[in-house]
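Enquirer: my questions concern the predicted model and sequence given below.
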Amino acid sequence: MRALVVTASNRAADGVYPDRSGPVVVEALAALGFTVDGPEVVHDGDPVEAALRAATAAGYDVVVTTGGTGLTPTDLTPEMTRRVLDREIPGIAEAIRAYGTAAGVPTAALSRGLAGLAGRTVVVNLPGSTGGVRDGLAVLVPLLVHAVEQVGGSDH
């Protein structure tokens, strides 16, 4: 199983500060048995769409993005992701937001992250904060391998 981590952060892409959330995702996916590339740090907006399209074309099983899911004018990751998805998997994004709010982070409800399939690639948007990433991974870790197996034609 192959995975790519993409960090959408204008400031990290410009070298203002290091990417802190992408490496957390890389570590978690590697622990699940994925061969992981990245984190690939890109500006939000069109570069996110380009990274997702390239990952799908390269045959990644999973792409997890971090960042760009909030309400600021430059947070465009969900819009770029929607352009690439063939089918949404709303339960994943809903569960991630629910987990965060239940964990005592009311602002988790403001995340606009999506999850879905782009061809045979499972794509999931996580928030940019390391806490939001950890909450999202708490939801993803138990189901991600099963989701990939299902996409590959495995039975329930």
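Expert: Structure's in. What do you need? Numbering: from 1, shown residues only.

Enquirer: all helices for this structure, in order.
Expert: Secondary structure of the chain (DSSP state H): helices at 10-13, 21-31, 46-57, 77-84, 90-102, 130-140, 144-151.

Enquirer: which strands and helices sit next to the last one?
Expert: In this case it means helix 144-151. For helix 144-151, the packing partners by 3 or more C-beta pairs under 8 Å, 6 or more residues apart in numbering; DSSP states H and E come out as strand 121-126. C-beta coordinates here come from the backbone N, C-alpha and C atoms, glycine included.

Enquirer: same deal with the shortest one?
Expert: With contacts defined as 3+ C-beta pairs under 8 Å, 6+ apart, the packing partners of helix 10-13 are strand 35-42.

Enquirer: quick check: buried residues in the strand it packs on?
Expert: When neighbours are counted by 16 or more other C-beta atoms under 10 Å, the buried residues of strand 35-42 are found to be 36-42.

Enquirer: hmm, back to that, need the helices of the chain in JSON lines (columns: mean neighbour count).
Expert: Written out in JSON lines, the entries for those read as follows (neighbours: other C-beta atoms under 10 Å):
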{"stretch": "helix 10-13", "mean neighbour count": "18"}
{"stretch": "helix 21-31", "mean neighbour count": "20"}
{"stretch": "helix 46-57", "mean neighbour count": "18"}
{"stretch": "helix 77-84", "mean neighbour count": "20"}
{"stretch": "helix 90-102", "mean neighbour count": "18"}
{"stretch": "helix 130-140", "mean neighbour count": "22"}
{"stretch": "helix 144-151", "mean neighbour count": "16"}
